[in-house]
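Undergrad: just coords:
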DNA sequence: TTGTAATATTACCGCTCAGTAATAAATTAA
DNA sequence: TTAATTTATTACTGAGCGGTAATATTACAA
């Protein structure tokens, strides 16, 4: 496990905190199929526009997604596909508590 | 990815939230070497006793650790080794942001 | 320029959580 | 029983976060 220093623990905790919100998980799940505009996300995830923007900001600050302007719209894309490994593991773990 | 329903997302978010704290990550890292008493943990992790107890309660409620009384002391052990897969993945991800 | 659409930001509210000190509960010994 | 040790709980505080409405910003078209 190598030496797990405090800074690394803090970064891990921050990453987990970024994923510790159902709305953000929904957004990531949506982006898993490919880049989407803010409007697409806020409609398909049933989130208010401002709320969507704020969550995207959190994901962006965490380095998980990145924006790209296309005219007046902004398309967000996954930047770190590795997080889906985390999500799938957590999903299996969460499902396991159900007995499957 | 199978269907990701709301309940599953909520459970995932809860699991991530449980891991989104440096103190709890330190405790889990300590328990990775084997079961430890509350006193051991609170000393080796440099946490106050009450604080340690509270974090252990959170980990226990999440089903990640389990207690076992031995006289006047209580030894906690990892119940879900799968979480270390999560931690290692997150650790690599966190480390990757550093350039290594 | 003016207007319109898409996105981002701000300010506010309510709630939850981490840390702490004090106290309670459980177990064992004398 | 009383005392000592270990662990758990409670009450409190301060900080941070999610949701929302209103507003600002950005880009483009007429």
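TA: It's in. Quantities reported herein were computed from a predicted structural model and do not represent experimental measurements. Numbers count the residues shown, from 1 in each chain, chains lettered A, B, ... in the order given.

Undergrad: Now the element after whichever strand or helix holds residue A:27, going C-ward?
TA: According to DSSP states H and E, residue A:27 maps onto helix A:22-31. Counting by DSSP H and E, the next helix or strand C-terminal to helix A:22-31 is strand A:36-37.

Undergrad: Could you check stretch A:38-45 and say which residues are buried?
TA: A:38, A:40-42, A:45 (16 or more other Cβ atoms under 10 Å in any protein chain shown). No exception for glycine: its C-beta is placed from N, CA and C like everyone else's.

Undergrad: if we can go back for a sec, and the helix holding residue A:27, anywhere near DNA strand C?
TA: No: using Cβ under 7 Å from any atom of the strand, helix A:22-31 stays clear of DNA strand C, with a minimum separation of 11.3 Å.

Undergrad: Against which helices or strands is that helix packed?
TA: Packing partners of helix A:22-31 (3 or more Cβ pairs under 8 Å, 6 or more residues apart in numbering or on different chains; DSSP states H and E): helix A:6-19, helix A:38-44, helix A:49-61, strand A:73-78, helix A:82-96, helix B:6-19.

Undergrad: Show me which residues of chain A are close to DNA strand C?
TA: Going by Cβ under 7 Å from any atom of the strand, the residues of chain A near DNA strand C are A:37-39, A:42, A:49-50, A:52-54, A:56-57, A:67, A:72-75.

Undergrad: Residue A:20: which of those residues is nearest?
TA: Nearest to residue A:20 out of these is residue A:54 (Cβ to Cβ; 15.1 Å).

Undergrad: returning to that earlier point: any idea which of the residues of chain A next to DNA strand C is closest to DNA strand D?
TA: residue A:50 (3.5 Å; Cβ to the nearest atom of the strand).

Undergrad: What is the burial count for that closest one?
TA: Residues contacting residue A:50 under the criterion other Cβ atoms under 10 Å in any protein chain shown number 9.

Undergrad: How about the one 10 residues further on?
TA: Per other Cβ under 10 Å, the neighbour tally for residue A:60 reads 14.

Undergrad: do the one 4 residues further on as well
TA: The number of residues packed around residue A:64, counting by other Cβ under 10 Å, is 24.

Undergrad: The nearest residue to it once chain neighbours are set aside in helix, strand or coil?
TA: Computed as Cβ to Cβ, 6 or more residues apart in numbering or on different chains, the closest residue to residue A:64 that is not its neighbour in sequence is residue A:80, at 5.2 Å. With DSSP: H, G, I helix; E, B strand; the rest coil as the basis, residue A:80 sits in coil.

Undergrad: Fine by me, we can end here.
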